[in-house]
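Chemist: show me the folded form of this:
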Amino acid sequence: MTKKYEIILRYIKDLSVEIPNVESFLLSREYITKYSLGLNITTNPIKNEMLEIITKLNYKDPNNNSKKSFFEIHYASVIRLNDKKLKKEELEKIILVELQNEIYPDLEKIFLNVIKDSGFPDLKLEKKIDFEDLYQKKLN
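Modeler: You can find the predicted model right below:
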């Protein structure tokens, strides 16, 4: 079976690390493992059967704490659809599951390295994102 899409390119569209001051940095270092990971996926059509998919990750303090740090990455993937007659559901599954499963290991590695290179200890995300499960929950 031929793949219904191909990745043309991937790049970091936007990257943000916000550490307001040294007090925020020290408190964030202490509580970084309590931060929560957010995910959002958006799509922009481009010409020639291509789509730009932006996978946004953010890592932030879930509490209303004034001394906190914030990390966010917008990772763009441009894909070309090989099948011009995809149904809406097939296209959604490609964007929300197949592509994400393909790019996420690299995206997670980049994001965790940015956090580490910002002065924070090595961080491991305990929960792996199950894109298939998220997609099924979206459908129900």
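Chemist: just the strands in this structure please.
Modeler: Using DSSP state E, the strands of the chain run over 5-18, 36-46, 50-60, 70-81.
Chemist: restrict the second one to CA atoms and write it as CSV.
Modeler: Written as CSV, here are the backbone C-alpha positions of strand 36-46 (Å, rounded to 0.1, in the frame of the first residue of the first chain):
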residue,chain,number,x,y,z
SER,A,36,2.0,20.1,32.4
LEU,A,37,2.3,19.5,28.7
GLY,A,38,-0.2,21.0,26.3
LEU,A,39,-0.7,20.1,22.6
ASN,A,40,-2.5,21.8,19.8
ILE,A,41,-2.5,21.0,16.1
THR,A,42,-3.6,23.4,13.3
THR,A,43,-3.6,23.1,9.6
ASN,A,44,-3.0,25.7,6.8
PRO,A,45,-3.7,24.6,3.2
ILE,A,46,-1.1,25.6,0.6
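Chemist: note down every partner strand of that strand and its orientation.
Modeler: With DSSP bridges as the test, strand 36-46 is paired with strand 50-60 (antiparallel).
Chemist: over to the longest one?
Modeler: Partner strands and pairing direction for strand 5-18 (DSSP bridges) are strand 70-81 (antiparallel).
Chemist: what's opposite residue 9 in the beta bridge?
Modeler: Beta-bridge partners of residue 9, as defined by DSSP bridges: residue 78.
Chemist: got a markdown table for the strands of the chain, with mean pLDDT, mean neighbour count and distance to residue 136 too?
Modeler: Placement of C-beta: from N, CA and C, glycine included. A markdown table is the format used below for the strands of the chain (pLDDT from 0 to 100; neighbours: other CB atoms under 10 Å; distance: least, CB to CB, whole Å):
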| stretch | mean pLDDT | mean neighbour count | distance to residue 136 |
| --- | --- | --- | --- |
| strand 5-18 | 97 | 13 | 20 |
| strand 36-46 | 95 | 12 | 15 |
| strand 50-60 | 96 | 18 | 19 |
| strand 70-81 | 97 | 19 | 22 |
